[in-house]
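J.: Could you work out the structure for the sequence below:
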Amino acid sequence: MTTTMTIRLRTKRSTRGEATRRRIVEAAIDLFGEYGYERTSTRDIAARAGVNTPALQYYFENKEGVYRASAEQLAAGAWARLAPVVDQATRLLDGNARVDALIDVFIRLHETLGDCLFRVPNASRRLFFADAQLGHDPAVAPEIVRLRICDPLHAVTAKLIARITGTATDDPVTTIRAISLYGQVVMFHLKPCAVLALLGWPAFDMEKRQLIVAAIRGQTQALLKAWSATAPATGSRRARTLK
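T.: I've put the predicted structure just below:
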């Protein structure tokens with residue numbers, strides 16, 4: 001066998017192996033979302049993915065391994081959508097942007113997070129992500145969500161709020177404000193049944209999502225502007241405040 005043929009064969013096997021691995025993860029996300037970690041077995045995942053159990057164990061060793069891979073895939077997908085806005089916010093902060101521009105990018109971050117939470121392709125994926133945030137399943141998923149999404153997102157939002165409101169980035173008030181603002185979005189994701197019952201809605205269709213987004217946008221903008229208006233106005237900051 002020539003070197004070229006050997007390389008082609010290895011590439012083909014690698015591509016086929018990656019496709020199998022991806023198929024197992026997709027099946028696992030659906031099943032973990034539908035039934036939870038405890039009620040999902042490796043046999044169930046293998047059957048849904050169309051592979052045998054030894055094949056699953058070859059790629060992931062055990063159930064926790066495929067669960068970790070599932071959480072990492074969802075987190076990576078969410079961060080891919082958030083990263084461009086985080087980068088924009090970082091550039092504005094580095095460039096000493098005006099407060100109104102910082103408020104606008106904060107709201108864009110807010111709404112992008114909402115897109116990540118609400119526009120997940122199917123219900124089982126939304127449930128998997130919600131369980132990972134609530135810590136219902138093994139600690140590995142909440143840890144992945146915290147490290148890959150929550151911590152880097154909070155790092156930039158804390159800087160935005162600190163600059164907008166005149167507080168320090170590590171001030172507990174800054175963190176409390178960040179949590180409270182993002183809680184507006186997360187509540188609709190973590191407690192959808194309770195929210196739907198209170199609103200008397202059967203489901204979140206596109207029109208209702210737009211209504212939620214508009215209401216939260218208005219609240220967030222009003223709060224940030226109010227906090228900015230009452231912030232200490234130093235000489236350098238005064239030049240960047242809202243007109």
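J.: what sits against the one residue sitting closest to the centre of the chain?
T.: What sits nearest the mean C-alpha location of the chain, by CA atoms, centre = their mean, is residue 78, with 4.5 Å. Contacts here follow CB atoms under 8 Å, 6 or more residues apart in numbering; on that basis residue 78 touches 116, 129, 149. In this view, the C-beta of every residue, glycine as well, is placed from N, C-alpha and C.
J.: and the least confident of those residues?
T.: Least confident entry in these, by pLDDT: residue 129, with 76.
J.: Output the below-cut-off pLDDT ranges for the chain.
T.: 1-15, 119-123, 134-137, 233-243 (pLDDT under 70).
J.: Include distance to residue 51 when you put the contacts of residue 78 into JSON lines, please.
T.: Shown next, in JSON lines, are the contacts of residue 78 (distance: CB to CB, whole Å):
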{"residue": "116", "distance to residue 51": "29"}
{"residue": "129", "distance to residue 51": "24"}
{"residue": "149", "distance to residue 51": "29"}
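J.: Break this protein down into its structural domains.
T.: Annotated domains of the chain cover 3-60, 64-238 [automatic domain parsing].
J.: Can you tell me how far residue 214 is from residue 90?
T.: According to CB to CB, to the nearest Å, residue 214 stands 27 Å off from residue 90.
J.: And the two? Which one has more around it.
T.: It is residue 90, of residue 214 and residue 90, that has more neighbours when counted by other CB atoms under 10 Å, with 15 against 10.
J.: Only the buried residues of the helix or strand harbouring the residue nearest to the centre of the chain, if you could.
T.: Following DSSP states H and E, one finds residue 78 within helix 63-94. The neighbour-count check on helix 63-94 (16 or more other CB atoms under 10 Å) flags 63, 65-75, 78, 82, 85-86, 88-89, 92-93 as buried.
J.: next SSE after it?
T.: The helix or strand immediately downstream of helix 63-94 is helix 99-118, counting by DSSP H and E.
J.: Show residues contacting that next one.
T.: Here helix 99-118 makes contact (CB under 8 Å, 6+ apart) with 78, 81-82, 85-86, 88-89, 92-93, 126, 129, 153, 156-157, 160-161, 163-164, 181-182, 185-186, 188-189, 204, 209, 212-213, 216-217, 220-221, 224-225, 228, 240-242.
J.: List the contacts of residue 159.
T.: 89, 93, 169.
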